[in-house]
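> Predicted coordinates and the sequence they were generated for:
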Amino acid sequence: QDIAVHAKVSGYVNMIRVDIGDRVKQGDLLATLEIPELQDNINKAKASVSAAEQEIAKAQADYDNQHQIDQRLADVAKAHPNMVAQQDLDTAKSKEVAAQGALGAAQQHRDEAQAELGRLNTLAAYEKITAPFDGIITQRFADVGSLIQAGTNSNTQALPLVQLAQDDLLRLRFPVPEAQTPLIENGKKVEVTVPALNRTFVGTVTRYAWLINRSTRTMTTEVDVENPKGIMKAGMYDYVKLPLQVA
């Protein structure tokens, strides 16, 4: 695996803990961003939630009061049918329904304010950029104070923070001649010789393209080679000895 680590949100780099050659573990903090306007927006959202809660309290009190009035009139009308005019009963019921609607609207405003606060808190969590997997930093693109743009699909020119490569497991691609493709199967062991190191390692066939390249009459095959000590470097040339027949 080899990826460019982008920021989810735009901001200024206020701390970066890694440089080229540093090894990191999954979840390690790589850098933190500062988003000046974000905290102001969070405080504003908290104030909106608080105001919505007060609005609910007032609407709840109004509804409870109107419900009691309506209930009392209904009880009197039931006990003494001719003491309360029907218009008064209808008016009380209408006010209760209106108060109930106001309470529902207040609760909806509270839910909207809480959702906005949750969204902003999620953005704030993106200020911390962590390693998605174990690996080594192969490039660094930003320094403290750099303005980093959010790495989204619509912003393909956004500068990444670092380049991270997995180094304990390498993937080797090589072409297999058409005649030998029936011998390829996942799990098969192969010898991988690295001339630069003058050493041979054992790799495992993990996947193959299935499709034959019409121009070369070969099939791309991939072998995973464990590299726990980091001896091999990505990009090295290797020779693969593929067993064609087992005696």
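Received the coordinates, thanks.

> Output the contacting helices and strands for the longest helix along the chain.
Using DSSP state H, we find that the single longest helix of the chain is helix 36-79. Where contact means 3 or more Cβ pairs under 8 Å, 6 or more residues apart in numbering; DSSP states H and E, helix 36-79 is packed against helix 86-125. No exception for glycine: its C-beta is placed from N, CA and C like everyone else's.

> After the helix it packs on, which helix or strand is next? Please name it.
strand 128-130 (DSSP states H and E).

> Please identify the buried residues of that following strand?
residue 129 (16 or more other Cβ atoms under 10 Å).

> what stretches of this structure score poorly on pLDDT?
Applying pLDDT under 70 to the chain flags residues 152-156, 245-247.

> any idea what sits nearest residue 225, other than its immediate chain neighbours?
residue 203 (4.2 Å; Cβ to Cβ, 6 or more residues apart in numbering).

> Count residues in the vicinity of the one you found, would you?
Neighbour count for residue 203, taken as other Cβ atoms under 10 Å: 22.

> show me the contacts for it.
172, 189, 190, 191, 192, 223, 224, 225, 240 (Cβ atoms under 8 Å, 6 or more residues apart in numbering).

> what does residue 151 give?
4, 6, 7, 8, 158, 160.

> next one: residue 31
13, 15, 16, 17, 18, 129, 142, 161, 162.

> Would you check how far apart it and residue 126 are?
Residue 31 sits 11 Å away from residue 126, going by Cβ to Cβ, to the nearest Å.

> repeat for residue 88
Separation of residue 88 from residue 126 (Cβ to Cβ) stands at 58 Å.

> Compare these two (neighbour count), which wins?
With neighbours defined as other Cβ under 10 Å, residue 88 and residue 126 compare such that residue 126 has more, 16 against 13.

> so the more buried one makes contact with residue 9?
Yes. Using Cβ atoms under 8 Å, residue 126 is in contact with residue 9, at 4.7 Å.

> Please report the number of neighbouring residues for the nearest residue to residue 63 once chain neighbours are set aside.
Nearest residue to residue 63, sequence neighbours excluded (Cβ to Cβ, 6+ apart): residue 99, at 4.0 Å. The local packing of residue 99 (other Cβ under 10 Å) involves 21 other residues.

> Am I right that residue 99 is in contact with residue 59?
Yes. Assessed by Cβ under 8 Å, residue 99 is found in contact with residue 59 at 7.1 Å.

> in the helix or strand hosting residue 222, what's buried?
For residue 222, the host element (DSSP H and E) is strand 218-226. Residues 218, 219, 220, 221, 222, 223, 225 are the ones in strand 218-226 that count as buried (16+ other Cβ under 10 Å).
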